[in-house]
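Visitor: Requesting a structural model of the entry that follows:
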Amino acid sequence: MLASIKCNNDIKGIIVAGDLTQNSRIYDEFSWYNNALSIKNKVTGEVVDMSAYVYDGIGNHDKAEPTFMQKTACFFKTVECVNPEVIQNTLSSRVRLTPVLYREGIHYAWKWDDVVFVQLNLFPGDSNDNYGLSPQNSLTYLRNLLNNRVDKNKDRIVLIHHYGFDPFSQTYWSDSQRKEYWNLIADYNVMGILTGHSHNNTGYTFYNAFTRPSGYTKGPASIASFVCGGACLGYYLDITIDGNTMHVRQRDNNGTPKKAVLVDNGVIYYR
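Guide: Okay, the predicted model is just below:
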């Protein structure tokens with residue numbers, strides 16, 4: 001993926017929807033992740049840092065709270081160290097190639113051409129998830145962004161967060177939280193939502209619509225949502241936006257194209 005960016009100026013960057021680690025261990029897991037954001041020139045041996053092209057957020061595995069022994073391991077800087085604050089601070093302080101449009105804490109937004117991308121990290125909410133993890137007021141952040149930096153009549157939006165709308169992900173946040181989210185975004189031109197958490201292998205259905213809640217009339221019938229991929233298994237999504245059309249192609253670890261979905265003015269077409 002990083003090599004593709006070096007070879008193709010049309011590629012804007014890489015979006016990661018959380019779970020950069022398995023257990024928030026900074027001296028092995030997070031170090032592996034950071035090392036993976038560089039590429040080595042096979043001819044010259046030069047190592048090029050590509051982290052400025054990566055627009056990442058945190059998932060539930062990046063928020064693991066340390067035990068006493070794991071805190072002690074941090075003091076001695078051994079691999080057992082668990083420190084979610086280091087992960088969060090690294091992401092919050094990273095300077096990316098595209099300037100930030102609006103930031104509050106770990107949440108941030110940017111524009112690629114005329115599309116607003118919003119990194120909401122764990123999930124859009126102001127109360128904890130069903131397992132006690134805080135979304136860090138991401139819904140309030142999104143409301144502030146939409147009210148102050150987004151033109152409802154012109155701007156197209158792509159939202160990113162870890163928990164999605166597949167059956168597995170929905171057990172991690174509540175129906176009422178999703179309804180609050182819907183009420184906030186329904187009147188905006190949301191082209192799609194990119195999520196993580198559920199990371200099956202290539203060939204599975206990566207499209208899960210955010211369906212308008214029962215009894216609600218506000219907004220479209222549904223908003224397209226896609227599970228970004230799974231780095232452990234090596235697959236990812238290749239996304240192109242042209243006007244009100246978004247083409248989403250799943251690729252495996254060799255870059256071989258698999259299933260594809262086309263979203264044209266909110267209408268879904270499978271390929």
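
Visitor: which secondary element of the protein has the worst mean pLDDT?
Guide: strand 267-270 (a mean of 78; mean pLDDT, DSSP states H and E).

Visitor: tell me which residues of the host helix or strand of Ser31 are tucked away?
Guide: Assigned by DSSP states H and E, Ser31 belongs to helix 29-35. Buried residues in helix 29-35, counting neighbours by 16 or more other C-beta atoms under 10 Å, are found at 29-30, 33-34. The C-beta positions use only the backbone N, C-alpha and C, and glycine is treated the same way.

Visitor: for the chain, which spans come out with low pLDDT?
Guide: Residue ranges of the chain with pLDDT under 70: 200-204, 271.

Visitor: What segments of it are helices?
Guide: Per DSSP state H, the chain carries helices over the ranges 2-7, 29-35, 68-76, 84-93, 138-149, 167-170, 175-185.

Visitor: what's the offset of the third one from the middle of its chain?
Guide: Average the C-alpha atoms of helix 68-76, do the same for its chain, and the two points are 30 Å apart (C-alpha atoms, centre = their mean, to the nearest Å).

Visitor: Next, the angle helix 84-93 makes with that helix.
Guide: Interaxial angle, helix 68-76 versus helix 84-93 (axes from the mean of the first three to the mean of the last three C-alpha atoms, to 10 degrees): 60 degrees.

Visitor: list the buried ones in helix 68-76?
Guide: Buried, per 16+ other C-beta under 10 Å, within helix 68-76: 70, 73-74.

Visitor: Which one of those residues is nearest to Asn8?
Guide: Using C-beta to C-beta, Cys74 comes nearest to Asn8 of those, at 40.0 Å.

Visitor: who are the neighbours in contact with that closest one?
Guide: The contact partners of Cys74, taken as C-beta atoms under 8 Å, 6 or more residues apart in numbering, are 26, 66, 81-83.

Visitor: what do you get for Ser169?
Guide: Ser169 makes contact with 163, 195, 197-198 under the criterion C-beta under 8 Å, 6+ apart.

Visitor: Can you lay out those residues as TSV showing neighbour count and distance to Asp114?
Guide: TSV is the format used below for the contacts of Ser169 (neighbours: other C-beta atoms under 10 Å; distance: C-beta to C-beta, whole Å):
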residue	neighbour count	distance to Asp114
Tyr163	30	28
Thr195	25	23
His197	24	29
Ser198	20	30
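
Visitor: nearest residue to the residue most central in space within the chain other than its sequence neighbours?
Guide: Nearest to the mean C-alpha position of the chain, counting by C-alpha atoms, centre = their mean, stands Ala17 at 2.4 Å. Distances taken as C-beta to C-beta, 6 or more residues apart in numbering put Gly196 closest to Ala17, at 3.5 Å, once the chain neighbours are dropped.

Visitor: what do you get for Tyr269?
Guide: Nearest to Tyr269 is Leu262, by C-beta to C-beta, 6+ apart, at 4.2 Å.

Visitor: Contacts only, for that neighbour.
Guide: Taking C-beta under 8 Å, 6+ apart as the criterion, Leu262 is in contact with 245-248, 268-271.

Visitor: That one and Tyr181: what is the separation?
Guide: According to C-beta to C-beta, to the nearest Å, Leu262 stands 25 Å off from Tyr181.
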